[in-house]
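**Q** this is the structure alone, sequence omitted:
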C-alpha cells in the first residue's frame, strides 16, 4: 500500500506522519510537495498538521488552491483514503471535502496536551481496529480546533454516523460543537480530526493508541484489494 504525505510551506508534522507509517505498518511512504498534481500512485493521502502558508487569511485557506489539493479532490472522488490531521483537517474543510469549519479555541489559547477521545464510529477504514465506544488517549496541539457547523449540517453528521471521534464528555479542550474531535464525509473515505494519532505510536511518548488508525487503513485497503483481485 502506497502512502503520500503532503508537504506545504509551513507544514511541521509531515515528518511525524512519515515516521508513523514506517513504525506502525512499515508500508511505502513518500513526501509529496504542494506543487505536484499527480497522486495516481498512492492509495492513501495524508494531510499533516502545521501552519500551511503561515495560516494567513484562515487556517488552510491558501493550501486549498494548490495543485496537490486539486489532485486530492480527484483522489477522494475515486474512493481513495484521505486523512487530514490538525491543519490537515482545516485544509480539508476549506477544500469542501468535509463540512464545517475550525474556529479559535474558546479559551483563545493554544492547547497542547493529551486528550481522551471516544470512538463514535468504528466502521470507517480509519477506525475498524477500534471498538465502538472505546476511549483512547491522543494528544492535541492547536489554537483553532473549535469545530463548528450549522444546525442542519450537525443533524446530518449525526444521522449519517459521520462523527468519528468525540472528546470525552466533560473534557472538551476547545469548545468544539457536540464535543466533535473528528468527522468523515458521507462515503467514509475522507476523515479529518484535530488530535494527532501520528504522535501516539509509541508508549514512550505517552500513548500508542494512534497506531490502530494506521493498521485500520492497511487492513481496509488489503480487504478491498483482495476482493478486487478475486473479481
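**A** That came through, no problem. Just so we're clear, the structure is a prediction, and the values are computed from it rather than from any experiment.
**Q** for the helix or strand encompassing residue 20, packing partners?
**A** Assessed by DSSP states H and E, residue 20 sits inside helix 14-24. On a contact count with 3 or more C-beta pairs under 8 Å, 6 or more residues apart in numbering; DSSP states H and E, helix 14-24 meets strand 3-7, strand 29-33, helix 211-230. Any C-beta I mention is one placed from the backbone N, CA and C, and that applies to glycine too.
**Q** 6 Å instead, please
**A** strand 3-7 (3 or more C-beta pairs under 6 Å, 6 or more residues apart in numbering; DSSP states H and E).
**Q** any idea how far the strand it packs on is from the chain center?
**A** 12 Å (C-alpha atoms, centre = their mean, to the nearest Å).
**Q** packing partners for that strand?
**A** Short answer (3+ C-beta pairs under 6 Å, 6+ apart): strand 3-7 packs on helix 14-24, strand 29-33, strand 44-47.
**Q** kindly calculate the angle that that strand makes with helix 14-24.
**A** If you take axes from the mean of the first three to the mean of the last three C-alpha atoms, to 10 degrees, strand 3-7 sits at 160 degrees to helix 14-24.
**Q** buried ones in stretch 36-43?
**A** 36, 39, 42, 43 (16 or more other C-beta atoms under 10 Å).
**Q** can you list contacts of that stretch?
**A** 1, 2, 4, 45, 67, 68, 71, 75, 221 (C-beta atoms under 6 Å, 6 or more residues apart in numbering).
**Q** got the end-to-end distance for it?
**A** 16 Å (C-alpha to C-alpha, to the nearest Å).
**Q** and stretch 158-178, by the same measure?
**A** First residue to last in stretch 158-178 (C-alpha to C-alpha) measures 10 Å.
**Q** pull the residues that contact that stretch.
**A** By C-beta under 6 Å, 6+ apart, stretch 158-178 touches 105-106, 111, 115-118, 120-121, 145-148, 157, 179-184, 186, 191, 193.
**Q** can you say which of those are buried?
**A** 105, 111, 115-118, 120-121, 145-147, 157, 179-184, 191, 193.
**Q** what pLDDT does residue 230 get?
**A** Note for residue 230: predicted pLDDT of 66.
**Q** what sits against the residue lying closest to residue 66 once chain neighbours are set aside?
**A** Using C-beta to C-beta, 6 or more residues apart in numbering and skipping residues adjacent in sequence, the residue nearest residue 66 is residue 34, 4.4 Å away. Under the criterion of C-beta under 6 Å, 6+ apart, the neighbours of residue 34 are 8, 66, 68.
**Q** lowest-scoring secondary structure element of this protein by mean pLDDT?
**A** helix 211-230 (a mean of 89; mean pLDDT, DSSP states H and E).
**Q** and it, how far out from the chain's middle?
**A** For helix 211-230, the distance to the chain centre is 17 Å (C-alpha atoms, centre = their mean).
**Q** flag every buried residue along it.
**A** 211, 212, 213, 214, 216, 217, 218, 220, 221.
**Q** other SSEs contacting that helix?
**A** Helix 211-230 packs on no helix or strand, going by 3+ C-beta pairs under 6 Å, 6+ apart.
**Q** could you rerun that using 8 Å?
**A** helix 14-24, strand 81-85.
**Q** among the ones you listed, which is the most enclosed?
**A** strand 81-85 (a mean of 28; mean count of other C-beta atoms under 10 Å).
**Q** next structured bit after that strand?
**A** Criterion used, DSSP H and E; the element after strand 81-85 is helix 87-94.
**Q** contact partners of that next one?
**A** 6, 11, 13, 46-52, 55, 58-61, 63-64, 69, 82, 84, 98-102, 144, 182, 190, 192-194 (C-beta atoms under 8 Å, 6 or more residues apart in numbering).
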